[in-house]
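Peer 1: Can you look at this prediction? I've put the sequence above it.
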Amino acid sequence: MAGASFGHSIRGTGGEFHSDDGAGVIAGSEDKTGVLAVSKDGFGVHGMSKNNRGGVFESGPNTGQIRLVPMIQHTNDIALPKNAAIGDLLLIRQIVPSTNTLIGLDRCSLWLCVPGGSDFIGTNAHWQEIQLGAVIEGTI
């Protein structure tokens, strides 16, 4: 295949793909994940464009376009990461069982890491909750 190199790398890039006219990489599957990217310490996926959006997500008419896998917490008080970067988005699902004196809880909240106080390395991240509207049952 012209414009492609394949392989495995201990350091550096494992493969490079480039196209001057068309997609640099195309991958697909009939019933499994089309593209899987995994990293131990770096980003799993990094999309970037000089003049357009870094990513576009589409889906069929009967499913969501993107899914955030929730961070599960079993406490009444939300715990937010100290280590985060401005722009990080976090979905938390609080699951707290009922007791004799307290009503149980099963809810989701969406949080955005924002500037706050001091934005220097070594300070804790600051989070702001994104307000969600009423819960509506799906119909399609």
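Peer 2: Nice, thanks for sending it over. The model shown is predicted, which means the values in this text are computed figures rather than measured ones.
Peer 1: which residues touch the closest residue in space to S59 that isn't next to it in sequence?
Peer 2: Nearest residue to S59, sequence neighbours excluded (CB to CB, 6 or more residues apart in numbering): Q65, at 4.8 Å. For the C-beta atoms, the positions are set from N, CA and C on the backbone; glycine is no exception. Shown in contact with Q65 (CB atoms under 8 Å, 6 or more residues apart in numbering): F57, E58, S59.
Peer 1: Closest one to E129 out of these, please.
Peer 2: Using CB to CB, F57 is the member of the contacts of Q65 that lies nearest E129, at 23.2 Å.
Peer 1: Look at the closest one and say how many residues are nearby.
Peer 2: The tally of other residues near F57 (other CB atoms under 10 Å) stands at 8.
Peer 1: Now do the SS call for the residue nearest in space to the middle of the chain.
Peer 2: Per CA atoms, centre = their mean, the C-alpha nearest to the average position across the chain is that of L68, at 5.4 Å. Secondary structure state of L68, per DSSP: H, G, I helix; E, B strand; the rest coil, is coil.
Peer 1: Please name the bridge partners of the residue lying closest to it once chain neighbours are set aside.
Peer 2: Setting aside the residues directly before and after it, L68 is nearest to L91 in space (CB to CB, 6+ apart), at 4.1 Å. Counting by DSSP bridges, L91 is bridged to L110.
Peer 1: what about V35, distance to G28?
Peer 2: Distance of V35 to G28, computed by CB to CB, to the nearest Å: 8 Å.
Peer 1: for N51, same thing?
Peer 2: On the measure of CB to CB, N51 and G28 end up 26 Å apart.
Peer 1: S39 now?
Peer 2: Counting by CB to CB, the gap from S39 to G28 is 22 Å.
Peer 1: and what of L91?
Peer 2: Distance, L91 to G28, using CB to CB: 27 Å.
Peer 1: Neighbour count: the two, which is higher?
Peer 2: Shown here are L91 and G28; by other CB under 10 Å, L91 has more neighbours (14 against 8).
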